[in-house]
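Undergrad: only the shape, not the letters, is given here:
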């Protein structure tokens, strides 16, 4: 019966092609949607994932990197008192207004003040040592390559942030932020751009490198709860990145919209695929009736239909994978934020096969017309 299912697909491929395309496009939509969601919301944690720090220290209850509040700089001394901490550096984050040239008007930007030394932890994975060294220049900033056009400035050009003149000394990839444009500067430049006198000299976060990164969880627990240096909370880099992404996906309501769209894609794909399979089975009802008359049970015929549904799903997924790979490569080449990991890919595969399975179950109902008596009509 399994061989029959495959042979039917080969010889009657025109009947099953629409179902294969329906599963393929539904899987492709789910795959691309997952990649866009992970890429867009993942940019909320680019400050964490693009850096080499093992621990992050910020104001208690901070839900996302961009929601940080200034903390006491003396907390650095508390961190350095722990023998597991190898290095600590401040990170200054502030929301600012960018005024570029070329009639681009204002733009909301996020200024990240970092240690520009070659051993600096912040954006260690996104900025080369040579690029970091340029931040040592007064009023120097670096932006993402994909954002430089809308900022209305070229490399070497000048603009104003909060009324202070800055110069773009370079561009990099992997700096794009969610909800605004990320601008990287040295700590000294960032402090000059900070217009809030109450925040002067106070970092938004402290980041730490450990002698043994595998002890991050234990060290974070050990450093929490010391109120002598003011209010603060300690997170591992992985936990803080996850916290930031989940905030944007769930607490902002955007995640509910994504799940709704995924459900719509599944529902529409299931309806189209099931109707196509039902039509394919109905077109072969006399052949199924003949097999039933020759002694093949209805249960075996059901397995043939379900096997056909499985192959429809598999072939559709194969096409979706090949086309999706090409589209993701094109997207990355255009600096579109797309990220696809193994769990998301497996979830898309399960949904696509589930879609084919539901469609197969709907098509099985057509076998009730495969009555040997119908051959005498």
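TA: Ah, there it is. Here the structure is a predicted model, which means the values were calculated and not measured. Numbering: from 1, shown residues only.
Undergrad: mind listing what's buried along stretch 214-227?
TA: By 16 or more other Cβ atoms under 10 Å, the buried positions in stretch 214-227 come out as 216, 219-220, 223. Where C-beta positions appear, they are placed from N, C-alpha and C, glycine not excepted.
Undergrad: can you redo these as JSON lines, where the extra columns are pLDDT and secondary structure?
TA: Listed next are the buried residues of stretch 214-227 as JSON lines, based on pLDDT from 0 to 100; DSSP: H, G, I helix; E, B strand; the rest coil:
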{"residue": "216", "pLDDT": "92", "secondary structure": "helix"}
{"residue": "219", "pLDDT": "92", "secondary structure": "helix"}
{"residue": "220", "pLDDT": "91", "secondary structure": "helix"}
{"residue": "223", "pLDDT": "87", "secondary structure": "helix"}
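Undergrad: for these, which one is nearest residue 64?
TA: residue 220 (18.1 Å; Cβ to Cβ).
Undergrad: ok, residue 179 touching residue 66?
TA: Yes: counting by Cβ atoms under 8 Å, residue 66 is a contact partner of residue 179 at 7.2 Å.
Undergrad: those two: who's more crowded?
TA: residue 66 (20 against 13; other Cβ atoms under 10 Å).
Undergrad: dihedrals phi and psi, the nearest residue to residue 99 once chain neighbours are set aside?
TA: Leaving aside its sequence neighbours, residue 99 sits nearest to residue 160 (Cβ to Cβ, 6 or more residues apart in numbering; 4.3 Å). Main-chain dihedrals, residue 160, degrees, to the nearest 10: phi -120, psi 130.
Undergrad: use 320 as the first number from now on
TA: Renumbered: residue one is now 320, and that last one reads residue 479.
Undergrad: contacting residues around residue 479?
TA: Residue 479 makes contacts with 417-418, 485, as judged by Cβ atoms under 8 Å, 6 or more residues apart in numbering.
Undergrad: how near is it to residue 466?
TA: Distance of residue 479 to residue 466, computed by Cβ to Cβ, to the nearest Å: 16 Å.
Undergrad: how far does stretch 418-434 stretch from one end to the other?
TA: Taking Cα to Cα, to the nearest Å, the span from the opening residue of stretch 418-434 to its closing residue is 25 Å.
Undergrad: where does pLDDT dip in the stretch 320-469 of the chain?
TA: 320-325, 327-328, 420-424 (pLDDT under 70).
Undergrad: want to throw the buried residues of stretch 533-546 into CSV with distance to residue 475?
TA: Formatted as CSV, these follow (distance: Cβ to Cβ, whole Å):
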residue, distance to residue 475
535, 40
538, 43
539, 42
542, 43
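Undergrad: return the distance of the residue nearest to residue 418 relative to residue 548.
TA: 36 Å.
Undergrad: same thing with residue 372?
TA: To residue 548, residue 372 is 19 Å away according to Cβ to Cβ.
Undergrad: who's more crowded, the two?
TA: Higher neighbour count among residue 372 and residue 548: residue 372, with 27 against 15, using other Cβ under 10 Å.
Undergrad: part of a strand, is that one?
TA: No: Residue 372 is assigned coil when assessed by DSSP: H, G, I helix; E, B strand; the rest coil, not a strand.
Undergrad: ok, which stretches of the stretch 370-519 of the chain are strands?
TA: Residue ranges of the strands in the stretch 370-519 of the chain, as given by DSSP state E, counting those that start in this stretch, are 374-377, 404-418, 425-433, 459-463, 477-480, 483-491, 500-505.
Undergrad: quick one: which of those strands is nearest residue 676?
TA: Comparing the strands of the stretch 370-519 of the chain by Cβ to Cβ, strand 459-463 comes nearest, at 42.7 Å.
Undergrad: helices or strands up against that closest one?
TA: Contacts defined by 3 or more Cβ pairs under 8 Å, 6 or more residues apart in numbering; DSSP states H and E place strand 459-463 against helix 448-453, strand 483-491, strand 500-505.
Undergrad: flag every buried residue along that strand.
TA: Those would be 459-463, for strand 459-463 by 16+ other Cβ under 10 Å.
Undergrad: ok, now stretch 448-457?
TA: For stretch 448-457, the neighbour count (16+ other Cβ under 10 Å) marks 450-454 as buried.
Undergrad: stretch 670-677 now?
TA: Buried residues in stretch 670-677, counted by 16+ other Cβ under 10 Å: 670-672, 674-675, 677.
Undergrad: equivalent analysis for stretch 633-653, please.
TA: By 16+ other Cβ under 10 Å, the buried positions in stretch 633-653 come out as 633-636, 638-640, 642-643, 646-647, 650.
Undergrad: which ones among those are found in strands?
TA: Counting by DSSP state E, the buried residues of stretch 633-653 place none of their members in strands.
Undergrad: okay, these in TSV with distance to residue 594 next?
TA: Listed next are the buried residues of stretch 633-653 as TSV, based on distance: Cβ to Cβ, whole Å:
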residue	distance to residue 594
633	20
634	18
635	15
636	20
638	20
639	20
640	24
642	23
643	25
646	27
647	30
650	32
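Undergrad: ok, so of these, who is nearest residue 331?
TA: Using Cβ to Cβ, residue 634 is the member of these that sits closest to residue 331, with 13.6 Å.
Undergrad: who touches that closest one in this structure?
TA: Residue 634 sits next to 339, 342-343 when contact means Cβ under 8 Å, 6+ apart.
Undergrad: and the closest residue in space to residue 499 that isn't next to it in sequence, how close does it get to residue 500?
TA: Nearest non-adjacent residue to residue 499, counting by Cβ to Cβ, 6+ apart: residue 427, 4.5 Å away. Residue 427 sits 7 Å away from residue 500, going by Cβ to Cβ.
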